[in-house]
Every structure is written in structure tokens, then in C-alpha cells.
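Visitor: sequence first, then the predicted structure, then my questions.
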Amino acid sequence: MIKNLSKISGVTAIVAAVAATASAEVKINENLSLDGYAIGSFKVVEPTTGANDTFLDSGSNLFDAAKVALNGKYGDFSGKVSLIYVPGKAGTEAGILDAYLTYTVGEVSITAGKFNSWMGYESFDSPNNAFIDYGLSGNFGYAAGYNTGVKVEYITKEFATGVSARDSLTSPGKFYQGDGEINDDIGYEAYFAYTGIDKLTLWAGVAAEDVSGTTNDVFTYDLWASYAVTDKLSLAAEYAHLEDTSNYSWLLQATYAFTEKFSGSARVTGVDGDKGVADGFGYGIAGTYTITENFSVKGEVSKTDFDGGAVGDPFLYAIQGLFRF
């Protein structure tokens, strides 16, 4: 199963903002600041062929992780270096996540280094999402993640667009990084986002990589929209495709802020599989309760049904503590 490693750049989904706890950057001086989070979860998955419950060692950024980022700004230059620790992750549990430098002039920014993909409605960072686990569009819809390269963005009040060239789009088995070379393949990505209508965001992105001498070429696209119906209710929809994995996948989600401290979400999601990937349909509910400005608790109950039963039909119960700074 391919996990979403994406993070929206420039435009942040309304649902993510409603569901997330407050973030208070720790200012070091006028040029440097720190931010990050720590998340820990207890989850139960039924049925399963292995242990059906985990606590603080799920081996996935979806449930447990600690991240700290150093942000810098000097004149027209800005940069970020972040580290992440994922307990129980196979291979490597800790390493560098972001490491990039950005030069901004007017509405144009140029970034070089290691950065995340633009693809995907759901964020790489679990605290920004209404749910603990990803929907099927995140699991089967796009493959681009953290890689090293160059990107250019043009951002205005009404729209944003960008293109990037990177060492690769995917690198299975490595710690959130690309393949480290550009001799045989280069990954390309582009997006366009429109925010000219009040409370509405429309986003479209595409990514491709021609892997020389192999059949592992990658082509993927993603479309999503979010709309704040009222100050309390927001809606989101996503449609995505990942070549040789999903013909299409989708997500529909609604989030309602019942009080200043509690928000709840409902989600339905699906995938039409390709090349042996089973079709699937998932549904669930989640809620986030803010205890203090920086600490909240998130819970989720969700069910996914796959055709043929080849990968089981998991029923997930999870609770997650979230500390952000």
C-alpha cells in the first residue's frame, strides 16, 4: 500500500485548519524560529494477520512521530531544516525531512534543496488532518514525496502556480527521500491553485518520472477542492490517479466545528484499483478536542472494504495525542 507523503504548499486546506490544534512558533531571534510536534497513538485494527494493536510504535507517520523544524529568514532569503523521528519505522527511524533554501522576489520564489511534494489534499503531517489515517485517495492516488531538486512558484492573492524538477518522485525503502541521482531519471511536478472566490480553493497537480531502462515509470495527477460553507462547516472533495496502481481514487469529507474546542469530521473514500490492486470503499468519523492551546486529542473510527478480500477489510479504532509548538 502506497502511503501519501504529500504536503500542500502555498494554500492550506480549510479542513486542515479547522481540525488542527494551534501552533505557536518558538522565536529564537528576529531571524530564527522553531516549530514542530509530537504525536503518539494507540490503535486497534481488526481483522489482521499480525498484532492487532500498537501503542507509540506503529511504524508510520500516520500515527506516531516527533518532528522539529528550524526556520530562518534574512532579507529575501528563507530556509528550513527539519528532523523527524518515527518509532517502529522499518529500516531507519530518524532522519532529515526538510532541508531547503528559498529566494523570494515579489510574487516569485525559487527553492533549492530537499522539500516535499505539492500533491494531495491530506497533509504529510498528521496534526494538520482531520483524520489520523489517510483516505484511499492518499493511499492509492499519488506517489510523489520528499525529494531533492529545484522548484519555482508564483503566488498571488487569487492564484498560485509552480513547477519543480527533482531527483525522482519515489524511492521505496529510503527514509523520506529521493534516489539521490539524476543520471537515469528526473521527476517533474506542476500545480495550479485558484483562491479568487471567497472561501473556495481549487487545486490541480500533475507529476511524472521516466525511469530509464525500467518499467517503473510514474504518472500521477490530483484534483481537489475545499469550501467553507459557513464559519463552522467546511467541505472537501478529491479525485486522483496513480499509473499502474489506481485507475482513480476519491475522497469526500465534511468537518464541523461544534465549539471552539471540538470539531468532528465524516469521510467517505474509494479506489478503483489497477494491475492487481483491489477496489476499495472506506468510511469513517473522527473528532479533535483541544485541551490547551498546544495540546489536543484526536479519535477515529473507520472501516474499509476491499473487493475479493485479498488485503482484508480493516476496521480501525485509534486515539492520538497531539502536542504542537
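Guide: Cool, got the structure.

Visitor: wait, what's in contact with Thr220?
Guide: By CB atoms under 8 Å, 6 or more residues apart in numbering, the contact list for Thr220 reads 119, 141-144, 169, 206-208, 240-243. Any C-beta I mention is one placed from the backbone N, CA and C, and that applies to glycine too.

Visitor: pretty sure Trp250 contacts Gly138?
Guide: No: look at Trp250 against Gly138 with CB atoms under 8 Å: they stay out of range, at 11.0 Å.

Visitor: which of these two has more neighbours?
Guide: Gly138 (29 against 20; other CB atoms under 10 Å).

Visitor: any idea which element that one lies in?
Guide: helix 136-140 (DSSP states H and E).

Visitor: point out where the stretch 101-250 of the chain drops to low pLDDT.
Guide: The model of the stretch 101-250 of the chain has pLDDT under 70 over residues 172-173, 212-216.

Visitor: let's see that with 80 instead.
Guide: For the stretch 101-250 of the chain, residues meeting the criterion pLDDT under 80 lie at 170-173, 182-184, 211-217.

Visitor: can you map out the strands along it?
Guide: 108-115, 147-155, 159-166, 187-194, 200-209, 218-228, 233-242, 246-257 (DSSP state E, counting those that start in this stretch).

Visitor: format those as CSV; extra columns: distance to Gly36.
Guide: As requested, the strands of the stretch 101-250 of the chain are exported to CSV (distance: least, CB to CB, whole Å):
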stretch, distance to Gly36
strand 108-115, 17
strand 147-155, 22
strand 159-166, 24
strand 187-194, 26
strand 200-209, 26
strand 218-228, 25
strand 233-242, 26
strand 246-257, 24
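
Visitor: Leu101 is nearest to which of these?
Guide: Closest approach to Leu101 among the strands of the stretch 101-250 of the chain is made by strand 108-115 (5.7 Å; CB to CB).

Visitor: kindly export the closest one (C-alpha atoms) in CSV.
Guide: In CSV, the C-alpha atoms belonging to strand 108-115 read as follows (Å, rounded to 0.1, in the frame of the first residue of the first chain):
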residue,chain,number,x,y,z
VAL,A,108,8.1,34.7,-7.3
SER,A,109,10.0,32.3,-5.2
ILE,A,110,12.8,29.9,-6.1
THR,A,111,13.6,27.0,-3.8
ALA,A,112,16.6,24.5,-3.9
GLY,A,113,17.2,21.6,-1.6
LYS,A,114,15.1,18.8,-0.2
PHE,A,115,11.4,19.5,0.0
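
Visitor: elements contacting the helix holding Gly138?
Guide: Contact here means 3 or more CB pairs under 8 Å, 6 or more residues apart in numbering; DSSP states H and E; on that basis helix 136-140 packs against strand 233-242, strand 246-257, strand 262-273, strand 280-290.

Visitor: figure out which of these is closest to Ala69.
Guide: Here strand 280-290 is closest among those (CB to CB), at 21.6 Å.

Visitor: and the next helix or strand past that closest one?
Guide: strand 295-306.

Visitor: ok, then the element right after that following strand?
Guide: Counting by DSSP H and E, what follows strand 295-306 is strand 315-324.

Visitor: how much space is there between Ala90 and Ala240?
Guide: Counting by CB to CB, to the nearest Å, the separation of Ala90 from Ala240 is 26 Å.

Visitor: which of the two has more neighbours?
Guide: Each of Ala90 and Ala240 has its neighbours counted (other CB under 10 Å); Ala240 has more, 27 against 9.

Visitor: so what's that one closest to, chain neighbours aside?
Guide: Gly141 (2.9 Å; CB to CB, 6 or more residues apart in numbering).

Visitor: give the contact list for Gly88.
Guide: Shown in contact with Gly88 (CB under 8 Å, 6+ apart): Thr54, Leu56, Asp57, Ser58, Gly59, Ser60, Asp64.

Visitor: what strand or helix carries it?
Guide: Going by DSSP H and E, Gly88 is not part of any helix or strand.

Visitor: before we move on, back to that, pull the most distant pair out of the contacts of Gly88.
Guide: Pairwise over the contacts of Gly88, using CB to CB, the maximum falls at Leu56 and Ser60, 11.7 Å.

Visitor: for Gly196, which of the helices and strands packed on helix 136-140 is the nearest?
Guide: strand 233-242 (18.0 Å).

Visitor: tell me the angle of the closest one relative to strand 200-209?
Guide: Per axes from the mean of the first three to the mean of the last three CA atoms, to 10 degrees, the angle that strand 233-242 makes with strand 200-209 is 20 degrees.

Visitor: make CSV from the helices and strands packed on helix 136-140 and add distance to Thr102 to it.
Guide: Listed next are these as CSV, based on distance: least, CB to CB, whole Å:
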stretch, distance to Thr102
strand 233-242, 27
strand 246-257, 30
strand 262-273, 32
strand 280-290, 31
